[in-house]
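Asker: Just to be clear, the model below is a prediction. Sequence and coordinates:
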Amino acid sequence: MKVSFPYMGSAIVYKKLFEFLEHEVIMPPKPTQKTMDLGVKYSPEFACIPLKMVMGTYLEAIERGAKVLVTSGGHGPCRAGFYGDTHRNILKSLGYDDVELIIFDAPQDNWKAFWQNVQKVRNGLPWHKIINRMYTLYRFVQKLDELEKMVQKIRPYEINKGQTTQVWNEIQEKFDKIKTRKELYEVYEECKKMLLSIPTKEVDEKDRIRVGIVGEIYVVMESSINFGIEEILGNLGVEVERSLYLFEWINDNLVPWVLRPRRFKEIIKKGQRYIKILIGGHAVETVGHIVDFKERGFDGIVHLMPFACLPELVTQSLIPKISKELDIPILSLPIDEQTGKANMLTRIEAFIDLLRHRKKGKTKEVFVDELQQHAEEERVVMV
Amino acid sequence: MKSIYIGVDVGSVSTNVVAIDRDVNVLFKTYIRTNGQPIDSVKEGIRQLKESLGDVEVLGVGTTGSGRQLAGAILGADVIKNEITAHATATIHFVPDVRTIFEIGGQDSKIIIIKDQMVVDFAMNTVCAAGTGSFLDHQAERLKIPIEQFGDLALSAKNSVRIAGRCTVFAESDMIAKQQFGFSKAEIIRGLCDALVRNYLNNVGRGKNLEPPYVFQGGVAANRGIKAAFERELKSEIIVPEHFNVMGAIGSAILAKDYIEKNKVKTNFRGFDAADIEFTTSSFECKGCSNRCEVVRVAMEGKVIAMWGDRCGKWTNSL
Ligand code: SF4
């Protein structure tokens, strides 16, 4: 089958998945303005941005020859649960009758449908092969996520601007070529060394700023839609950590309940302090992670929400209260096709100023210290 | 010869240029329409400054606003800062005990919360343009009232008409309806001012703890009708600082001054000739990796002097 999928975050993982299943993979392009234009044109106006971007990605993948699109579903009362059907209808109305859309909902929602889907993508491979390869993939995701977390802690302190991102790009290329578990572990060790050899400057613990990124999964994971917020923050000298990593998502959603790590349950429990019932999307997790980041000593939170995203709108309305009770600054950034980059950069930069002041106390002095720091590296301070 | 610090605030609607002396006295200020030509408006501002002040020694330059990087590259700025920090810096200087700043400009409006001279929270309007200067301009034009008289007319009204201010589209149709009901222009304008303030406080200020002293600045602060509407809504005095419409520029000048003084360095200012030099901007998509960054390039007489927009620093560092 000529298979493609939505592009979100480390898309090489999905590519690997279908390679392991011996499908012909049509790699969807990383979303660009063109993806956005296509998606916006063919989606309902009041849909949220992830639906539109995924729509655009599908159309681009089909353009490249994809015949089967595989995606995960959504559950709970947010409209993400209708994404699949909406996409399917749009594709049909555009005349793509020969393109199949396979939606994996959480197995516990409907075991039978899940099983049928598995049979479709299984590609007739023997089970022992599948299990073995899926285990490799599981570790693949884990290792890649570990490296990405390192990237997020090294980038703010790198001496040669841009080096960490370059190494991270190389790492992803290396991972893309991995075929076996043995190779995986070797490449992992090699990549770790590459990261650790990046020259960084010593920064005092009290001058370190840590920001947690939370929100709806697509805008949190996909850098092309969130303006590369992790890099923006990293370049401003800020360590970041996301609420969502693919490995954890797999653990939370695909690994059977009994085998799941405890952490997910803890996060949900923390979230339920503020949102008692399930309202879909990632609202409870978002809040849970805010609490968690605070408990782990983070300095601030950036909350990403697609404009008109219902669960995140609920979160946003709770934010003043949460921020006050937990005593942690939270910046909520709505993301839409109309979001301007200049406006977004202004907010982020001002937010980081605010966090630094909080840490140090005095407004003007901090600016000047910080400006001096920057100026030593670059002649002029730029975002 | 006077020694000055220059501050430049380039927004999408207006470009403001100021000069301050070592004691932050404002020696010069100008307000120019950007008209989509930020380079020309920055040059024009600098030219006017030079004309007005004659021979001066420039000790430092700061830029702010959405065009801060571009302006910074053209002028050779020492400090390039976001407008929230710049606005707060200037306001704290003039009104040291300020707690809440309302800033309404042409396209953007902000609320900045200050505590102990420190920014502790802020908000900016995003997608919705209700509650900004451009909306007022548009309504003034529609009612055929010069924008300068708008505020005074609002003050002359005895009563207010409730205008639905949730969104500019509704506000406009509601105003048309109220006009047809026979309310006077003055009453409708006062109603509009109330609606705008209500909408601004509800949207931008949602969930924020607003405490006096309040300072109101940005171009719209010239409008006495809006100031009065704020006072009615908050039941408190609203301070409009003398230089209300160029506070961002003043803030960036102050930041430049602090930076230069503290670090005892020389300015990077390119000199007043910058006004005559030819600058061009262009952009291209880098195909170096899957990020496909949109890289902006500023050239001075054909030679590239600044680049940004690359995620990896490949271009920024190539200079
Ligand atoms: S500028 Fe750097 S990060 Fe951006 S596309 Fe080019 S190589 Fe990639």
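Answerer: Thanks, I have the structure now.
Asker: most residues in a single helix of the chain, which one?
Answerer: If you meant another chain, say so; for now it's chain A. Longest helix of chain A, by residue count under DSSP state H: helix A:127-154.
Asker: let's do chain B instead
Answerer: helix B:185-203.
Asker: Next, find the distance separating the residue of the stretch 51-200 of chain B found nearest the ligand from A:Val220.
Answerer: When distances are taken as Cβ to the nearest ligand atom, the stretch 51-200 of chain B reaches nearest to the ligand at B:Gln69, 15.8 Å away. Placement of C-beta: from N, CA and C, glycine included. According to Cβ to Cβ, to the nearest Å, B:Gln69 stands 27 Å off from A:Val220.
Asker: again, but for A:Asp109
Answerer: 23 Å.
Asker: Likewise for A:Glu158?
Answerer: Taken as Cβ to Cβ, the span from A:Glu158 to A:Val220 is 23 Å.
Asker: residues touching the residue nearest to the spatial centre of chain A, list them.
Answerer: The residue lying closest to the centre of chain A (Cα atoms, centre = their mean) is A:Met221, at 1.3 Å. Residues counted as contacts of A:Met221 (Cβ atoms under 8 Å, 6 or more residues apart in numbering or on different chains) are A:Met8, A:Gly9, A:Arg242, A:Leu244, A:Leu246.
Asker: Quick check: chain neighbours aside, which residue is closest to the fourth one?
Answerer: Take A:Leu244 and drop its neighbours on the chain: the residue closest to it by Cβ to Cβ, 6 or more residues apart in numbering or on different chains is A:Val220, 5.2 Å away.
Asker: OK, contacts around the closest residue in space to A:Val238 that isn't next to it in sequence?
Answerer: Leaving out its chain neighbours, the residue that sits closest to A:Val238 by Cβ to Cβ, 6+ apart is A:Ile209, at 4.8 Å. By Cβ under 8 Å, 6+ apart, the contact set of A:Ile209 is A:Pro156, A:Gly237, A:Val238, A:Glu239, A:Asp299, A:Gly300, A:Ile352, A:Leu355, A:Arg356, A:Lys359.
Asker: circling back: so how far is the longest helix of chain B from its chain's centroid?
Answerer: 21 Å (Cα atoms, centre = their mean, to the nearest Å).
Asker: ok, the very next helix or strand once past it: who's next to it in the sheet?
Answerer: Once helix B:185-203 ends, the next helix or strand along the chain (criterion: DSSP states H and E) is strand B:214-217. Strand B:214-217 pairs in its sheet with strand B:100-104 (parallel), strand B:238-239 (parallel), by DSSP bridges.
Asker: and B:Arg33, backbone torsions?
Answerer: With angles defined as degrees, to the nearest 10, B:Arg33 sits at phi -70, psi 130.
Asker: Just give the closest residue to it, not the sequence neighbours.
Answerer: B:Ser14 (5.9 Å).
Asker: Settle this for me: that neighbour is touching B:Ile32, isn't it.
Answerer: Yes. Here B:Ser14 reaches B:Ile32: they are 6.5 Å apart, a contact under Cβ atoms under 8 Å.
Asker: These two: which has the busier surroundings?
Answerer: B:Ser14 (23 against 18; other Cβ atoms under 10 Å in any protein chain shown).
Asker: and the gap between that one and chain A?
Answerer: 15 Å (Cβ to the nearest Cβ, to the nearest Å).
Asker: Could you pull up phi and psi at that residue?
Answerer: phi -130, psi 160.
Asker: I'm done for today, thanks for sticking with me.
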